[in-house]
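> just a sequence and a predicted model for now, questions to come.
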Amino acid sequence: MFADLNHLSHHAAWRRQLEMLLESAGEGIYGIDLRGRCIFINGAGAELLGYTPDEIVGRNMHYLIHHSYADDRLMHVHDCRIFRAFSEGLGVRVDDEVLWRRDGSCFDAEYGSYPIRDGDQVVGAVVTFADISARKRIECELQLTQTLLERRVDERTARLRTAHESLRRLSAHLSTLREEERAHIARNIHDELGASFTALQLDLNWLRKQIAPDPALAAHVDRMLDVTQNAMGATRRILNDLRPSVLDHLGLWAALETLLQDLQTRTDMECRYVCAPDIERCRLGRSAEIAVYRIVQELLTNVQRHANATTVAIEVVLRDATLVLTVEDDGVGMQLPEQPHTFGILGMRERARAIGGVLALDSTPGAGARARLQLPIESGV
Ligand SMILES: Nc1ncnc2c1ncn2[C@@H]1O[C@H](COP(=O)(O)OP(=O)(O)OP(=O)(O)O)[C@@H](O)[C@H]1O
Ligand SMILES: [Mg+2]
């Protein structure tokens with residue numbers, strides 16, 4: 001199996017040991033001289049290539065086992081990385097080429113080539129190689145599985161995104177329907193009850209005048225008038241809640257101030273309202289105004305129900321064509337969940353998104369809460 005090893009070793013015992021070492025290696029190992037001819041090869045290497053060692057020794061290894069790429073294109077000897085490496089006196093490790101067997105088949109190989117030196121002089125190279133087809137096949141299968149997996153994840157993400165978008169549109173649609181339904185009920189209450197209450201009040205006033213001389217009866221009618229008055233007040237409040245007519249009459253910004261004033265009247269909270277003058281001229285469109293109004297209404301309800309605050313402030317400013325509305329309180333604050341799941345917060349977020357805005361909440365326990373609605377304003381404001 002060894003060709004002329006005299007220039008490597010003169011000692012028979014040393015040569016024997018070297019032979020045993022080569023034969024016990026699992027990898028293929030061969031040596032080449034400067035012209036690329038095989039000077040030795042171990043049994044494992046020859047077997048991998050389908051030869052006996054004697055059939056290989058003396059042959060040019062590039063032309064025997066390394067002549068072509070996997071796709072059958074010829075590999076010029078000057079492109080051979082083993083050849084290039086040892087002619088430069090360097091080592092090289094390659095795992096993306098094939099080696100060819102005697103029967104014309106090839107296998108994915110990993111090989112390393114290291115120069116053999118005699119003093120400063122490179123006199124040849126030792127090449128170690130192994131069949132890595134199984135590893136390559138597994139890598140290929142892994143790559144395929146990963147591609148499949150990625151495609152499935154992409155498809156599922158796309159489906160989720162579509163479902164989410166449909167839900168968002170459904171929610172926006174339901175919100176519009178709800179507002180329309182509320183407006184419808186408000187109109188009916190207004191037309192039916194409003195007219196009846198006014199007629200009742202007129203009649204009671206007339207009756208009151210007729211029975212003025214009888215104090216007992218007059219006191220009775222006075223109480224009826226009070227009840228009617230209260231009922232009219234309650235109806236007006238319900239109407240306003242159903243359909244914030246203040247929006248139609250005063251516009252959004254004054255309507256927000258009214259919400260805050262109502263809160264101040266009902267509680268001891270100090271309420272502040274800051275609305276920049278350029279905002280006061282700004283109209284958002286009916287559905288956006290209702291959405292902003294409902295969001296602020298819910299935020300103030302939350303402050304009243306949960307915050308235990310002493311002050312609450314609303315600030316509206318315009319920044320780079322974006323309306324920024326902040327509602328801030330100095331109450332107990334809260335631990336914000338990563339994903340909100342309560343309907344008040346979810347509803348506000350959805351309403352904001354439906355009109356092209358974003359609602360961000362910021363709070364920590366003990367440090368109050370702040371909600372910021374950002375809404376891009378189209379030109380012409
Ligand atoms: N300004 C606030 N200060 C302190 N905690 C708040 C504030 N706003 C909301 N929270 C907390 O966040 C929770 C969720 O609010 P959200 O409006 O979603 O629900 P809710 O007010 O409890 O019920 P709903 O609005 O459906 O009637 C509240 O239960 C409360 O614990
Ligand atoms: Mg709430």
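It's in. Ligands and ions are numbered 1, 2, ... in the order given.

> which pLDDT value does the model give L160?
At L160 the predicted local distance difference test score is 95.

> so where does E55 fall, helix or strand?
With secondary structure defined by DSSP states H and E, E55 is part of helix 53-56.

> continuing past that helix, what's the next helix or strand?
In the C-terminal direction, the helix or strand that comes right after helix 53-56 (DSSP H and E) is helix 61-65.

> packing partners for that next one?
helix 81-87, strand 92-100 (3 or more Cβ pairs under 8 Å, 6 or more residues apart in numbering; DSSP states H and E). All C-beta atoms are positioned from the backbone trio N, CA, C, and that covers glycine.

> need the ones you listed in CSV with mean pLDDT, can you?
Conversion of the helices and strands packed on helix 61-65 to CSV gives the following (pLDDT from 0 to 100):
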stretch, mean pLDDT
helix 81-87, 85
strand 92-100, 95
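
> ok, which of these comes nearest D330?
Across the helices and strands packed on helix 61-65, the minimum distance to D330, taken as Cβ to Cβ, is reached by strand 92-100, at 65.9 Å.

> okay, now D278: neighbour count?
For D278, the number of neighbouring residues by other Cβ atoms under 10 Å comes to 10.

> pLDDT score for it?
If you check D278, the pLDDT there is 84.

> repeat for I189
Turning to I189, the model gives it a pLDDT of 88.

> about what we covered before: and among the helices and strands packed on helix 61-65, the most buried is which?
Compared across the helices and strands packed on helix 61-65, helix 81-87 shows the largest average neighbour count, a mean of 19 (mean count of other Cβ atoms under 10 Å).

> report all helices and strands that that one contacts.
Under the contact criterion of 3+ Cβ pairs under 8 Å, 6+ apart, helix 81-87 touches helix 61-65, strand 92-100, strand 106-118, strand 121-131.

> redo the ones you listed as JSON lines? Include distance to H249.
Putting the helices and strands packed on helix 81-87 into JSON lines (distance: least, Cβ to Cβ, whole Å) gives the following:
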{"stretch": "helix 61-65", "distance to H249": "93"}
{"stretch": "strand 92-100", "distance to H249": "77"}
{"stretch": "strand 106-118", "distance to H249": "81"}
{"stretch": "strand 121-131", "distance to H249": "86"}
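
> what's the closest of those to ligand 2?
Of all these, it is strand 92-100 that lies closest to ligand 2, at 62.2 Å by Cβ to the ion.

> list the contacts of that closest one.
Counting contacts by Cβ atoms under 8 Å, 6 or more residues apart in numbering, the residues outside strand 92-100 that touch it are 48-49, 64-70, 81-82, 84-85, 106-113, 129, 132.

> any chance you could map the helices in the stretch 201-350 of the chain?
Listed in chain order, the helices found in the stretch 201-350 of the chain under DSSP state H, counting those that start in this stretch are 215-242, 245-250, 252-266, 277-280, 286-302, 343-354.

> returning to what we had before: need the helices and strands packed on helix 61-65 in CSV with distance to ligand 2, can you?
What follows is those, written out as CSV (distance: least, Cβ to the ion, whole Å):
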stretch, distance to ligand 2
helix 81-87, 70
strand 92-100, 62
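
> pipe these into a markdown table and attach distance to R351 per row.
Compiled in a markdown table, these are given as follows (distance: least, Cβ to Cβ, whole Å):
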| stretch | distance to R351 |
| --- | --- |
| helix 81-87 | 65 |
| strand 92-100 | 57 |
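
> for ligand 1, find the nearest of these.
Judged by Cβ to the nearest ligand atom, the one of these that comes nearest to ligand 1 is strand 92-100, at 57.9 Å.

> relative to strand 106-118, how tilted is that closest one?
Using axes from the mean of the first three to the mean of the last three Cα atoms, to 10 degrees, the interaxial angle of strand 92-100 with respect to strand 106-118 works out to 130 degrees.

> on that earlier part again, tell me the buried residues within the contacts of strand 92-100.
Of the members of the contacts of strand 92-100, the ones counted as buried by neighbours, 16 or more other Cβ atoms under 10 Å, are 48-49, 64-67, 81-82, 85, 106-113, 129, 132.

> which parts of the chain sit against ligand 2?
N302, G344 (Cβ under 5 Å from the ion).

> ok, back up a step: of all the helices and strands packed on helix 81-87, which one is nearest I185?
Across the helices and strands packed on helix 81-87, I185 has its closest neighbour in strand 92-100 (74.3 Å, Cβ to Cβ).

> report the angle between that closest one and strand 121-131.
Counting by the same axes, to 10 degrees, strand 92-100 points 60 degrees away from the direction of strand 121-131.

> hang on, Q304 packs against T267?
Yes. Counting by Cβ atoms under 8 Å, Q304 touches T267, with 6.3 Å between them.

> A158 and R152, how far apart?
Distance of A158 to R152, computed by Cβ to Cβ, to the nearest Å: 11 Å.

> next one: S196
The gap separating S196 from R152 is 64 Å, by Cβ to Cβ.

> what of S363?
Counting by Cβ to Cβ, the gap from S363 to R152 is 38 Å.

> and those two? Which one has more around it.
Neighbour comparison, S363 and R152: the larger count goes to S363, with 19 against 10 (by other Cβ under 10 Å).
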